[in-house]
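Q: got a predicted structure here, sequence first:
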Amino acid sequence: MKKCILICGAALSLFSTEALAQELDLQLRLGTQVATDASFDALQDSNLLPYTTLQVGYALTEGSLQGLRLFLSYDNSTTAPSDRLGGGVNLDWTRYRFMVGGEYGIMLWNMFRPLAGIGVGYALGDMTVTADDVRSDFTHDIAVEAFGGLDFMIDIATFDSGQVVRFNAGTRIGYQMQTEARFDQLESGFPTWNRVDNDLGVLDTDGMFWNLGVGLSLAF
């Protein structure tokens, strides 16, 4: 009987999702996405798209939802201005993306957390075309992602009230899909705001991604 209790206790300590009642976290992530579609070649020679993400998370650590974290994130990715048609046309593209989602993980040794998650959100694409003048177009698209990852967490401060500050670092790898962005109306800037129907085609940015992040969390 004692042997069974010891074995069960060890198993619970190894595969525990236990934490304090609630947990808020803030993370900064640096990543790369691989855009494999030929349409991306119009923007740059490399198919690697770097991006920066700021993410806020909230952990549900009680009851049947223990181990689930919800997150809200913003990321920004941009390509360097590219010369096309012998330098006669410059293309500059930036994407702003807002995501909401969830991830589920199991704590191991109260330090490591393997996880899997999904997210859905809104992507704003900004294309600037510089030729005889400067014109721009915007796209509004839906983005979806699925990923797996591993987090490392360690307590760095404990308050008398029981609150705990944790340092966390982790990695994510997954796949991102987005509705095809069509740039078909170019607008000139102030003061004329002239709009020209000029179809630049469709930009497809679907592909794998990976990132590394660091952050702080407050458990209370």
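A: Sure, I can see it. Residues are numbered from 1 along each chain as shown.

Q: which strand is the longest one in this structure?
A: Longest strand in the chain by number of residues (criterion: DSSP state E): strand 134-158.

Q: any idea which helix or strand comes after that strand?
A: Following strand 134-158 in sequence order, the next helix or strand is strand 164-178 (DSSP states H and E).

Q: the spatially most central residue of the chain is in what secondary structure piece?
A: By CA atoms, centre = their mean, the mean C-alpha position of the chain lies nearest to Thr53, the distance being 5.6 Å. Per DSSP H and E: Thr53 is located in strand 48-60.

Q: check contacts around Val120.
A: Neighbouring residues of Val120 by CB atoms under 8 Å, 6 or more residues apart in numbering: 99-101, 142-145. Glycine gets a C-beta too; all of them are placed from N, C-alpha and C.

Q: what's across from the closest residue to Thr78 other than its chain neighbours in the sheet?
A: The shortest distance from Thr78 to any non-neighbouring residue, by CB to CB, 6 or more residues apart in numbering, is to Thr94 (4.2 Å). Per DSSP bridges, the residues bridged to Thr94 are Thr78, Asp126.

Q: from Gln163, how far off is Thr94?
A: Distance, Thr94 to Gln163, by CB to CB, to the nearest Å: 39 Å.

Q: ok, now Asp45?
A: Taken as CB to CB, the span from Asp45 to Gln163 is 50 Å.

Q: between these two, point out the one with more neighbours.
A: More crowded of Asp45 and Gln163, by other CB atoms under 10 Å: Gln163, with 12 against 7.

Q: the more buried one contacts Leu24, correct?
A: No. The criterion here is CB atoms under 8 Å, and Gln163 misses it with Leu24 at 10.5 Å.

Q: what residues are shared contacts of these two?
A: Taking CB under 8 Å, 6+ apart as the contact rule, the neighbours common to Gln163 and Leu24 are Leu218.

Q: can you pick out the most distant pair from the contacts of Val120?
A: Distance extremes for the contacts of Val120: the farthest pair is Gly101 and Ile142 at 13.2 Å, using CB to CB.

Q: who's more crowded, those two?
A: Under the criterion of other CB under 10 Å, the comparison of Gly101 against Ile142 puts Gly101 first, with 20 against 11.

Q: okay, and the common contacts of Gly101 and Ile142?
A: In contact with both Gly101 and Ile142: 120-121, using CB under 8 Å, 6+ apart.

Q: between the helix or strand encompassing Val120 and strand 164-178, how many degrees?
A: Assigned by DSSP H and E, Val120 falls within strand 112-130. If you take axes from the mean of the first three to the mean of the last three CA atoms, to 10 degrees, strand 112-130 sits at 50 degrees to strand 164-178.

Q: by how many degrees do strand 112-130 and strand 134-158 diverge?
A: Here strand 112-130 runs at an angle of 160 degrees relative to strand 134-158 (the same axes, to 10 degrees).
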